[in-house]
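Colleague: Show me how the following folds:
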Amino acid sequence: MAPGQPLVGPNAAIQLAIALRSAGLNYIARDVFAKVGAQEWLERPPTAMVDEMRVARIHQGIREKLSREDAGAILAAAGQLTADYLLANRIPKAFRRLLSYLPRSVAERLFLSALRRHAWTFVGSGKFIARMGAPTILEIKGNPFCEGEKRTAPVCDWHAAVFQRMFASLSRPLHKSGRSPARRRETDAAASRSDGSVNQRRLKPVTNAASLCRAACRETSDERRRYF
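Modeller: Down below sits the predicted model:
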């Protein structure tokens, strides 16, 4: 690995392999991981941070091999597994218990502060932005996982699922579910709320999905955003 190479946590790849295996798609995992020189990760999952571009190419490979719907489902499942791992191994139970007793605004502020401190482990060279409000908006600027892709719809399923699962894991929702105001953009987006519902708006055809994904993930003004 070259010095200074951006890194991400290994669960972005490990949990994806598990999700594929659970869906009976182990052959897809073997093919995609082998193409990026990461086949050994399937037998000996990495325990340290890994090259973000290898992980990005794995995520992109899944989207190339599967239909949009199937790829989205697999990536979302992997995101949920990743969040479950983080909650079980990285966020102390005492901290989660404390949040359940605090006023909503205070609990949210503390939770988002923890996310910001550890954001580098799941966004790599991207930039994580969390803005409290009604609704609270989580964004990733320059998401490397969709760099250079050409799609007609956002593809940030893994990151979105991680955030949704972590918020849903709290003893009570940080925001009431319901209609959240969304800014209209030239290219519209999807808004995911804390109850897991998704409000899909029609997307105008585009040639560069990176602007859409890093739009949910906050790269340009043509964005999809995640609301909690």
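
Colleague: State the helix or strand in which A73 lies.
Modeller: For A73, the host element (DSSP states H and E) is helix 68-89.

Colleague: Next, the buried residues of the following helix or strand past that helix.
Modeller: Downstream of helix 68-89, the next assigned helix or strand under DSSP H and E is helix 93-101. Buried residues in helix 93-101, defined by neighbour count with 16 or more other C-beta atoms under 10 Å: 96, 99. C-beta coordinates here come from the backbone N, C-alpha and C atoms, glycine included.

Colleague: from the middle of its chain, how far away would helix 93-101 be?
Modeller: Averaging C-alpha positions (C-alpha atoms, centre = their mean, to the nearest Å) puts helix 93-101 23 Å from its chain's average.

Colleague: CA atoms only for stretch 46-58 - export them in PDB, please.
Modeller: The C-alpha coordinates for stretch 46-58 follow below in PDB (Å, rounded to 0.1, in the frame of the first residue of the first chain):
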ATOM      1  CA  PRO A  46      -8.600  -7.900   7.300                       C
ATOM      2  CA  THR A  47      -8.400  -6.600  10.900                       C
ATOM      3  CA  ALA A  48      -6.700  -3.300  10.100                       C
ATOM      4  CA  MET A  49      -7.700  -0.300   7.900                       C
ATOM      5  CA  VAL A  50      -7.600  -1.100   4.100                       C
ATOM      6  CA  ASP A  51      -7.100   0.800   0.900                       C
ATOM      7  CA  GLU A  52     -10.200   2.800   0.100                       C
ATOM      8  CA  MET A  53      -9.900   2.300  -3.600                       C
ATOM      9  CA  ARG A  54      -9.900  -1.500  -3.400                       C
ATOM     10  CA  VAL A  55     -13.100  -1.300  -1.300                       C
ATOM     11  CA  ALA A  56     -14.600   1.300  -3.700                       C
ATOM     12  CA  ARG A  57     -13.900  -1.000  -6.700                       C
ATOM     13  CA  ILE A  58     -15.600  -3.900  -4.800                       C
END
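
Colleague: Fine by me, we can end here.
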